[in-house]
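any chance you could fold what I've pasted below:
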Amino acid sequence: MTPGVSIVVPVFNVAPYLCGCLGSLCRQTLRDIEIICVDDASSDGSSGLLQSAAAMDSRVVILKHADNRGLAAARNTGLRAVRGPWVLFVDSDDVASSYLCEHALNAAAGHGADAVFFNFLAFRDGDPEPRDLAATVPVAADRTALLQRPAFAWAKLVRTDLMRTRGMEFPEGLFFEDIPVHWRLAIESTRPLFLDEPLVSYRQRGGSITSRTDWRFADGILIYDLVRDYLVSTSRWEEWKDVFLAQQLANFAHAHAYFALANPTLTQRVCDEARARMDPECWRFVLSGTGLSRWKRDYLLSRCRPIGVRASPALVLSTLRHRLREFLRRARHHVRRFRTA
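Got it, this is the predicted structure:
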């Protein structure tokens with residue numbers, strides 16, 4: 001029998017959290033589901049837990065990678081195996097509401113949607129898992145508002161055919177792989193819905209991408225290159241360039257601010273990468289003063305000025321503000337580290 005919803009769960013060394021995740025999926029109020037777990041060459045006991053789950057619930061399907069290929073590859077492997085007309089992605093350290101499938105699917109069916117974007121709750125590792133909250137009414141989604149939401153792959157229910165016929169897969173070998181797929185779904189879905197109901201509890205823990213100190217944290221720079229290529233190649237650039245530039249330029253500032261504390265030796269590399277992409281259209285957007293907070297704009301004005309652009313009193317002021325802000329951030333960071341040592 002074909003399941004109504006397929007849930008793809010990438011698994012890699014998450015033994016302490018896997019039972020909680022799979023338990024929340026097996027308890028779904030919508031019983032007509034399949035749970036496709038992609039074991040990305042785990043070495044910590046996760047594989048054994050998957051076998052136990054499959055033995056207890058026939059809806060659990062296990063696929064295996066011979067070598068560790070990363071989150072994007074695991075999601076793509078699961079997507080290719082999906083049998084249901086609808087697909088969800090759930091990360092193996094998170095916890096799903098028991099109503100996740102039922103409420104998202106009902107929203108889609110009631111409005112003829114082919115993608116339902118929904119809310120989530122974040123909780124810190126070690127804290128109690130949030131409880132299910134009251135249901136809300138889905139509303140027709142504004143595409144610009146969707147693009148400004150977090151791009152998490154696990155915060156949406158999508159018609160499987162939409163992803164397959166459009167060739168939507170996650171770019172392998174890069175972090176922040178959710179972003180290009182999020183952009184495509186927000187733009188290309190026929191009738192997107194937003195359901196302001198937290199249907200997934202997002203566990204924030206050590207070992208995630210946001211705790212890295214190497215250059216991989218800056219993969220977002222390359223990810224936005226992919227989004228720009230998509231917009232240009234599909235003649236959507238003029239329609240969405242302001243939303244895109246606000247996100248791309250903010251990404252440069254966030255990457256620099258992150259490395260300024262996590263690994264200062266990489267801050268100049270961020271600046272160089274940003275300056276290499278600062279074409280006249282980007283620079284005009286920065287100078288316009290719209291779409292960016294002051295601290296992001298100050299960073300771009302002071303550190304990413306294109307070659308050949310002369311300094312001005314306004315640029316000097318931005319540079320001073322940026323340098324002072326960076327000094328204060330580092331000072332506070334060192335004080336906190338000293339107090340916790």
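
mind listing the strands for the stretch 151-300 of the chain?
Using DSSP state E, counting those that start in this stretch, the strands of the stretch 151-300 of the chain run over 156-159, 192-204.

can you tell me which residues contact Asp67?
Ala41 (CB atoms under 8 Å, 6 or more residues apart in numbering). Backbone N, C-alpha and C define where each C-beta goes, glycine included.

and it, its phi and psi?
phi -130, psi 160 (degrees, to the nearest 10).

on that earlier part again, tell me which of the strands of the stretch 151-300 of the chain sits most buried.
Each of those was scored by mean neighbour count; the highest is strand 156-159, a mean of 24, by mean count of other CB atoms under 10 Å.

for that strand, name the packing helices and strands.
Packing partners of strand 156-159 (3 or more CB pairs under 8 Å, 6 or more residues apart in numbering; DSSP states H and E): strand 86-89, helix 100-111, strand 115-124, helix 178-188.

contacts for the first one?
Going back to what we said before, that points to strand 86-89. So strand 86-89 is contacted by 4-10, 75, 78-79, 100-101, 104-105, 108, 153-154, 156-160, 163 (CB under 8 Å, 6+ apart).

show me what the lowest-mean-pLDDT helix or strand in the chain is packed against.
For the chain, using mean pLDDT, DSSP states H and E, the weakest element among its helices and strands is strand 139-140, scoring a mean of 84. Applying 3+ CB pairs under 8 Å, 6+ apart, one finds that strand 139-140 makes contact with strand 192-204.

contact partners for the residue positioned nearest the centre of the chain?
Central residue check for the chain by CA atoms, centre = their mean: the C-alpha nearest the mean position is that of Phe152, 3.4 Å away. Applying CB under 8 Å, 6+ apart to Phe152 gives the contacts 120, 178, 182, 202.

which SS class is the nearest residue to Ala96 once chain neighbours are set aside?
Sequence neighbours aside, Ser24 is the residue nearest to Ala96 in space, at 4.4 Å (criterion: CB to CB, 6 or more residues apart in numbering). With DSSP: H, G, I helix; E, B strand; the rest coil as the basis, Ser24 sits in helix.

ok, Ser24 touching Ser98?
Yes. Contact between Ser24 and Ser98 holds when scored by CB atoms under 8 Å: they sit 6.9 Å apart.

between those two, which has more neighbouring residues?
Legend: neighbour count by other CB atoms under 10 Å for Ser24 and Ser98, higher for Ser24 (20 against 17).

state the distance from that one to Val200.
Between Ser24 and Val200 the computed distance is 9 Å (CB to CB, to the nearest Å).

who touches both of the two?
Joint contacts of Ser24 and Val200 (CB under 8 Å, 6+ apart) are 95-97.

ok, back up a step: mind putting the helices and strands packed on strand 156-159 in TSV, mean pLDDT, distance to Ser318 and mean neighbour count included?
Shown next, in TSV, are the helices and strands packed on strand 156-159 (pLDDT from 0 to 100; distance: least, CB to CB, whole Å; neighbours: other CB atoms under 10 Å):
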stretch	mean pLDDT	distance to Ser318	mean neighbour count
strand 86-89	98	40	26
helix 100-111	95	44	20
strand 115-124	94	33	19
helix 178-188	98	27	21
